[in-house]
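K.L.:
what follows is a predicted protein model with its sequence.
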There are 2 protein chains.
Amino acid sequence: MSLLYFEDFPVGEVVEYGDTEVSAVRIKAFAEQFDPQPFHLDENAARDSVAGGLIASGWHTAAMLMRMNCDHFLNRSASQGGPGVEELNWLKPVRPGARLRVRRTTLGARPSASRPELGLVDFAFEVVNQKGEVAMTQKNVAIFKRRPAEGAAR
Amino acid sequence: MSLLYFEDFPVGEVVEYGDTEVSAVRIKAFAEQFDPQPFHLDENAARDSVAGGLIASGWHTAAMLMRMNCDHFLNRSASQGGPGVEELNWLKPVRPGARLRVRRTTLGARPSASRPELGLVDFAFEVVNQKGEVAMTQKNVAIFKRRPAEGAAR
């Protein structure tokens, strides 16, 4: 499979991918390490909380999105990373039994002004659950190498 | 220890806390699950990459910040969660052997317009490494219960 470059992310493109099953075991394992709040750790405590039952840490959902992005396109791309995240919104709780997928929209793309061999792509990601509800949104800039000219050294 | 409420986060306050050691083992364990890019997984591959050596996933750093926030204040607060993140910037790579701490600044605070029993606090977080460099910044709104009146039912 050939590598994906800056030119392979046309503005306006919308693609869907991924299928991540969310289990109580995984929700608790992430929470024990990184977000040990009662509503991420324990069903009984969660039932009496603002969450109304066990929910995944928002950072767990963000990490699951990253994994789906790696599996679907980043790990076969000329990715040069990204500077950060412009916004991240947790819209619906992610509960045990959820199945998550990603809807990715390319909002913009421009060559780098300072480094002409690179290009910047503005992505909007939606994490969608099994009911079609958007559980999380995220916007960020990703940096890719531009496609080398035919016959040029790579 | 008494619970922290909205009123306990005065605007302008700057506090520092946390001490998280970052190891190659933990960097790789996070990456295997959530961000399996070569420069997070393997020292040799990382050396030849844009990262110039093994670096933690940016999502791992964000998760470590969350853990330090839980340990320092969230888990003894009347936190009601938060709607998301306004910005998140990865400024310096986080490498094995790093020690991370948090500098938290309270940028703003206001009672909820729709739910008078709640208050919203705007935080800016900086994740600082052992050299005093800011490795990551993050801004977000956190929701807390307001302190109940003396003698009121909790």
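P.N.:
Noted; the coordinates are in hand.

K.L.:
surely A:G119 and A:F6 touch.
P.N.:
Yes: if you go by CB atoms under 8 Å, A:G119 and A:F6 touch, sitting 3.1 Å apart. Placement of C-beta: from N, CA and C, glycine included.

K.L.:
okay, now A:T106: neighbour count?
P.N.:
Using other CB atoms under 10 Å in any protein chain shown, A:T106 is surrounded by 18 other residues.

K.L.:
can you give me the pLDDT of it?
P.N.:
Looking at A:T106, its pLDDT stands at 98.

K.L.:
tell me what it is bridged to.
P.N.:
In this entry, A:T106 is beta-bridged to A:F123, by DSSP bridges.

K.L.:
who in chain A is up against chain B?
P.N.:
A:30, A:33-37, A:50-51, A:57-59, A:62-64, A:66-67, A:70, A:74-75, A:79-90 (CB under 8 Å from any CB of the partner chain).

K.L.:
in strands, which of these appear?
P.N.:
Per DSSP state E, strands hold the following members of the residues of chain A next to chain B: A:84-85, A:87-90.

K.L.:
which of those count as buried?
P.N.:
Neighbour-count burial (16 or more other CB atoms under 10 Å in any protein chain shown) applied to these gives A:84-85, A:88-90.

K.L.:
what residues are shared contacts of A:G119 and A:F6?
P.N.:
When contacts are counted by CB atoms under 8 Å, 6 or more residues apart in numbering or on different chains, A:G119 and A:F6 are jointly contacted by A:109, A:111, A:144-146.

K.L.:
from the centroid of chain A, which residue is nearest?
P.N.:
Taking CA atoms, centre = their mean, the centroid of chain A lies closest to A:L65, which sits 3.0 Å from it.

K.L.:
which helix or which strand is home to the closest residue to it other than its chain neighbours?
P.N.:
By the measure of CB to CB, 6 or more residues apart in numbering or on different chains, the closest residue to A:L65 outside its immediate chain neighbours is A:V127, 5.4 Å from it. Under the criterion DSSP states H and E, the helix or strand holding A:V127 is strand A:118-128.

K.L.:
how about stretch A:100-119: buried residues?
P.N.:
So for stretch A:100-119, counting by 16+ other CB under 10 Å, buried means A:100-104, A:106, A:109, A:118-119.

K.L.:
and those, which is closest to chain B?
P.N.:
Nearest to chain B among the buried residues of stretch A:100-119 is A:L118, at 10.3 Å by CB to the nearest CB.

K.L.:
so who does the nearest residue to that closest one once chain neighbours are set aside touch?
P.N.:
Counting by CB to CB, 6+ apart, the nearest residue to A:L118 once its immediate chain neighbours are dropped is A:S112, at 4.2 Å. With contacts defined as CB under 8 Å, 6+ apart, A:S112 is in contact with A:118-120, A:143.

K.L.:
so for A:S112, what's the pLDDT?
P.N.:
Turning to A:S112, the model gives it a pLDDT of 95.

K.L.:
now do A:E150
P.N.:
74.

K.L.:
which SS class is it?
P.N.:
Of the three states, A:E150 takes coil according to DSSP: H, G, I helix; E, B strand; the rest coil.

K.L.:
distance of it relative to chain B?
P.N.:
With distances taken as CB to the nearest CB, to the nearest Å, A:E150 is found 24 Å from chain B.

K.L.:
A:G132 too?
P.N.:
Separation of A:G132 from chain B (CB to the nearest CB) stands at 20 Å.

K.L.:
helix/strand/coil for that residue?
P.N.:
When states are read from three-state DSSP, the local structure at A:G132 comes out as coil.

K.L.:
got phi/psi on it?
P.N.:
Dihedral angles phi and psi of A:G132 (degrees, to the nearest 10) take the values phi 90, psi 10.

K.L.:
CA-only coordinates of the longest helix seen in chain A in PDB, if you can.
P.N.:
Ranked by residue count and defined by DSSP state H, the top helix of chain A is helix A:58-72. Taking C-alpha atoms only, helix A:58-72 is exported to PDB below (Å, rounded to 0.1, in the frame of the first residue of the first chain):
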ATOM      1  CA  GLY A  58     -13.300  11.600  28.300                       C
ATOM      2  CA  TRP A  59      -9.500  11.100  27.900                       C
ATOM      3  CA  HIS A  60     -10.100   7.500  27.300                       C
ATOM      4  CA  THR A  61     -12.500   8.400  24.500                       C
ATOM      5  CA  ALA A  62      -9.900  10.800  23.000                       C
ATOM      6  CA  ALA A  63      -7.300   8.000  23.200                       C
ATOM      7  CA  MET A  64      -9.700   5.500  21.500                       C
ATOM      8  CA  LEU A  65     -10.100   8.100  18.700                       C
ATOM      9  CA  MET A  66      -6.300   8.300  18.300                       C
ATOM     10  CA  ARG A  67      -6.100   4.600  18.000                       C
ATOM     11  CA  MET A  68      -8.800   4.500  15.300                       C
ATOM     12  CA  ASN A  69      -6.900   7.200  13.500                       C
ATOM     13  CA  CYS A  70      -3.600   5.300  13.700                       C
ATOM     14  CA  ASP A  71      -5.200   2.100  12.400                       C
ATOM     15  CA  HIS A  72      -7.200   3.700   9.600                       C
END
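
K.L.:
no further questions, thank you.
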